[in-house]
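Participant: Give the three-dimensional model of this entry:
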Amino acid sequence: MKVFHFSLTLTVLALLGGLTPSRGADRVLVPGNPPLTQKIVELYQQMWEWYCDIRMTPEQRHQHTRHFITFWKKRTSSSKQYSLSTYRSMEKNWRDIRQMKAPERNRKRVQGREQWMAAVRKSPDDISKFMVSVYNAAYKPGGAKNPILVEGDPPLTQAMIDLDMAFVELVLDLGLTEQQRREFQRLSIADWKRYSADEKRQRSRNLELLAALPIWNNYRRSEIRSLNRPNSFAAWAKGSTTTARWLAALQKSAFEPGSTGNPVLVDARPPLTQLDVNRYADYIEIMVDLSVSGGFTTQERQILQAYMIKGWKKMTADTREELLADMDRWSESAGRGTVAAAECIRAMRPKLLAELRVARDDPLSQWLLEVRGREDKLHRQNLALEKLRHDGVIKALEAMPEGRGSGYWKYNPNKRRYYWVLYR
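Facilitator: The predicted structure is shown next:
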């Protein structure tokens, strides 16, 4: 196992930090430079337990420690130093993670867990295999972390309910309270018992399509929210199940201007509400195209909101109405599917960028142009890196032994592989 050498970003790695090993004498498990100590192993175990929401038994901890010792003995001094440096960085960042609000903290925890376990599953060493076995035992249907709520084929499990709730929170752009989560689960269980076998299988397949939801970045979340919100609201409004009727009522109360979930930020004509700001942030992510960076960070959304509040106070009523109409146009198009959404983007993106350039003196426009400039720079850097990678692969392939006939190597982006093209 390559400890923290797998493809996690530094941001995701930071999510694992903040767990202090037990105090007292620190026993050396593997001497060397640097040595492996009991505290290092305990820190790793505590991080993994927190990340995966699993508490290993004393016997499992003992087995994990033995695998860790074997693994550490095979590593180079420089790779060991790198791991220790990474652990220190994690510890430092933990303080920031703990101060996040529950919805964001929980989402990042699940997001990191999914990426970590996906990487561990690819490692062939014994310590990775052991971690996968412990995780699978806990999260399989009927496991300690994924109890079966309704028996059947397929059964309804806790993981399915949690994923469904995560999708509801995504569509509403709202974190459910603990009381709301309990009520959602109670109603979902009652509805599941009334579904036919075909309905259960269809809903199970729909949830499988959402399996990657925990690791979606902010841009992808905004995109999926835009594409699914209109149809989800329409389905809830039909009230075909008790859960749907409950969600329709929740959506109405949460989106009511002046409610707790949608406070009025600027009392004007029309007013600016929290929902308007959130919708505008989603709209801008798509129209300005922040796909490379992954969308606005939490801090950037706060900056955007501050600019929106100041700008809304200075806008004319007609300008406000036009902005809201543009967002409605996007929502309506996205609700009709990906083809209509793509056509809307092609029509509206040039219009928006032109408006931002004309209004360069406006602080919000200036800031958004800066964001767009950073995105363009990232895009160029990615293209340059991809070209270097591609050129390297081509050179390696061309260095292979002859015998294929006269031709050249070509990359197929759909199949994601290189193939040999013969000259004709």
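
Participant: does Leu174 sit in a helix, a strand or a coil?
Facilitator: Of the three states, Leu174 takes coil under DSSP: H, G, I helix; E, B strand; the rest coil.

Participant: actually Asp361, not the one I typed
Facilitator: Three-state assignment for Asp361 (three-state DSSP): coil.

Participant: after the helix or strand of the chain with the lowest mean pLDDT, next one along is what?
Facilitator: Lowest by mean pLDDT, DSSP states H and E among the helices and strands of the chain is helix 10-14, with a mean of 35. The helix or strand immediately downstream of helix 10-14 is strand 28-30, counting by DSSP states H and E.

Participant: Now do the buried residues in that following strand.
Facilitator: Using 16 or more other Cβ atoms under 10 Å as the test for burial, strand 28-30 gives 29-30. C-betas here are computed from N, CA, C, even on glycine.

Participant: In its sheet, which strands sit next to it, and in what direction?
Facilitator: Sheet pairing of strand 28-30 (DSSP bridges) gives strand 36-37 (antiparallel).

Participant: The strand it pairs with: how far from the chain's middle?
Facilitator: Put simply, strand 36-37 sits 33 Å off its chain's centre (Cα atoms, centre = their mean, to the nearest Å).

Participant: Residues touching it, excluding its own?
Facilitator: Strand 36-37 is contacted from outside by 26-30, 68-69, 72, 80, using Cβ atoms under 8 Å, 6 or more residues apart in numbering.

Participant: let's see it at 7 Å
Facilitator: Here strand 36-37 makes contact (Cβ atoms under 7 Å, 6 or more residues apart in numbering) with 26-30, 69, 72.

Participant: want to throw these into a markdown table with distance to Arg357?
Facilitator: Shown next, in a markdown table, are the contacts of strand 36-37 (distance: Cβ to Cβ, whole Å):
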| residue | distance to Arg357 |
| --- | --- |
| Asp26 | 60 |
| Arg27 | 64 |
| Val28 | 63 |
| Leu29 | 61 |
| Val30 | 60 |
| Ile69 | 61 |
| Trp72 | 56 |
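
Participant: Ala159 is in contact with Asn146, correct?
Facilitator: Yes - Asn146 lies in contact with Ala159 (Cβ atoms under 7 Å); the separation is 4.5 Å.

Participant: tell me, what's touching the two both at once?
Facilitator: Here Asn146 and Ala159 have Tyr139 as joint contacts, going by Cβ under 7 Å, 6+ apart.

Participant: show me where pLDDT drops low in the stretch 101-250 of the chain?
Facilitator: Along the stretch 101-250 of the chain, no part satisfies pLDDT under 70.
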